[in-house]
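Trainee: Sequence isn't available, so here's the structure alone:
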């Protein structure tokens with residue numbers, strides 16, 4: 001009978017050991033500091049007072065040394081990191097760490113940097129970031145996730161339903177900010193047909209009339225995700241397409257097809273409806289800008305004198321009569337579409 005008792009005892013011990021192992025897996029961050037020639041005399045003590053509340057495991061001051069390599073070393077394991085950050089206190093009384101420099105007293109910013117190192121590892125604090133504060137690798141991840149094509153008709157669909165259907169097919173989490181939760185209750189419907197465009201561009205188009213935008217982000221310790229927020233809350237957002245790298249005539253040759261034409265006192269909406277199928281690309285309207293400038297496609301009458309010309313010139317002529325312009329843009333997979341907005345670009 002002793003063997004079962006030993007086995008039971010071992011199992012009980014394991015049940016207590018597992019949580020302990022998980023707790024020890026939390027990353028540790030220590031700081032080793034050297035001083036640069038000219039660093040203020042007695043400044044080390046002041047910096048220690050700042051750093052002691054920055055969630056560091058240990059702080060070590062070393063004697064003044066030349067040629068200190070500012071870096072991060074992991075003296076633990078991948079599963080249980082023990083990061084040692086080698087930094088420098090400079091002659092300007094700043095703290096220089098890998099990829100960043102802090103002024104004296106920036107306790108909150110230093111703490112945030114330490115937390116990011118713990119949550120996202122060395123790459124999280126050393127990789128170069130660009131637009132949206134993301135690394136090149138993360139931007140490519142977002143772009144790839146938004147390349148899927150819309151396979152359903154959008155015209156007449158409620159904006160909120162269109163957003164839900166698009167988001168459901170993405171490989172990234174979509175988070176809604178407070179403004180988005182309020183705006184998506186709207187009964188407003190999608191006015192344009194976006195079937196065939198990629199998800200990123202289509203989602204940006206659907207959100208714009210609601211005063212919303214799409215923003216990729218990487219919260220500390222979390223995966224890259226897409227956030228839908230009010231357009232007035234951010235400085236940069238995912239665009240409604242990009243300028244094509246090729247000549248517009250190469251990607252939309254129908255725009256430059258010659259024909260005999262005469263348009264006399266016809267509603268702009270009617271003229272565009274007649275032209276659109278011949279261009280073989282979606283027409284996408286900037287309804288926000290048009291509403292702001294009180295432009296109604298149904299009430300504006302347009303004219304084009306009889307003669308031989310091509311579709312792009314016809315479009316430029318009729319749109320200008322309503323203070324509008326058009327330009328060729330492409331989505332995430334280089335599918336072309338025509339973006340129509342006011343001459344005073346918003």
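Mentor: Received, thanks. Because the structure is a prediction, the values reported are computed rather than measured.
Trainee: Can you tell me the SS state at residue 333?
Mentor: Using DSSP: H, G, I helix; E, B strand; the rest coil, the secondary structure recorded for residue 333 is coil.
Trainee: So which residue is dead centre in the chain?
Mentor: Within the chain, one residue has its C-alpha closest to the average C-alpha position: by CA atoms, centre = their mean, that is residue 216, at 2.4 Å.
Trainee: count of residues packed around the residue lying closest to that residue once chain neighbours are set aside?
Mentor: Distance criterion CB to CB, 6 or more residues apart in numbering; nearest residue to residue 216, sequence neighbours excluded, is residue 142 at 4.4 Å. All C-beta spots, glycine's among them, are computed from the backbone N, C-alpha and C. Residues within reach of residue 142, counting by other CB atoms under 10 Å, total 24.
Trainee: So residue 142, which state does it fall into?
Mentor: helix.
Trainee: so who does the residue nearest to the centre of the chain touch?
Mentor: Under the criterion of CB atoms under 8 Å, 6 or more residues apart in numbering, the contact list for residue 216 reads 132, 134, 138, 139, 142, 224, 225, 226, 227, 238.
Trainee: any idea how far residue 229 is from it?
Mentor: Plainly put, residue 216 is 12 Å away from residue 229 if you go by CB to CB, to the nearest Å.
Trainee: What of residue 295?
Mentor: Following CB to CB, the distance that separates residue 295 from residue 229 is 27 Å.
Trainee: Near the spatially closest residue to residue 135 that is not a sequence neighbour, how many other residues are there?
Mentor: Here the nearest residue to residue 135 in space, its sequence neighbours aside, is residue 127; by CB to CB, 6+ apart that works out to 4.3 Å. For residue 127, the number of neighbouring residues by other CB under 10 Å comes to 15.
Trainee: Let me have the contacts of residue 216 in JSON lines, adding secondary structure and pLDDT as columns.
Mentor: Written out in JSON lines, the entries for the contacts of residue 216 read as follows (DSSP: H, G, I helix; E, B strand; the rest coil; pLDDT from 0 to 100):
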{"residue": "132", "secondary structure": "helix", "pLDDT": "93"}
{"residue": "134", "secondary structure": "coil", "pLDDT": "92"}
{"residue": "138", "secondary structure": "helix", "pLDDT": "93"}
{"residue": "139", "secondary structure": "helix", "pLDDT": "95"}
{"residue": "142", "secondary structure": "helix", "pLDDT": "96"}
{"residue": "224", "secondary structure": "coil", "pLDDT": "94"}
{"residue": "225", "secondary structure": "strand", "pLDDT": "96"}
{"residue": "226", "secondary structure": "strand", "pLDDT": "97"}
{"residue": "227", "secondary structure": "strand", "pLDDT": "97"}
{"residue": "238", "secondary structure": "coil", "pLDDT": "97"}
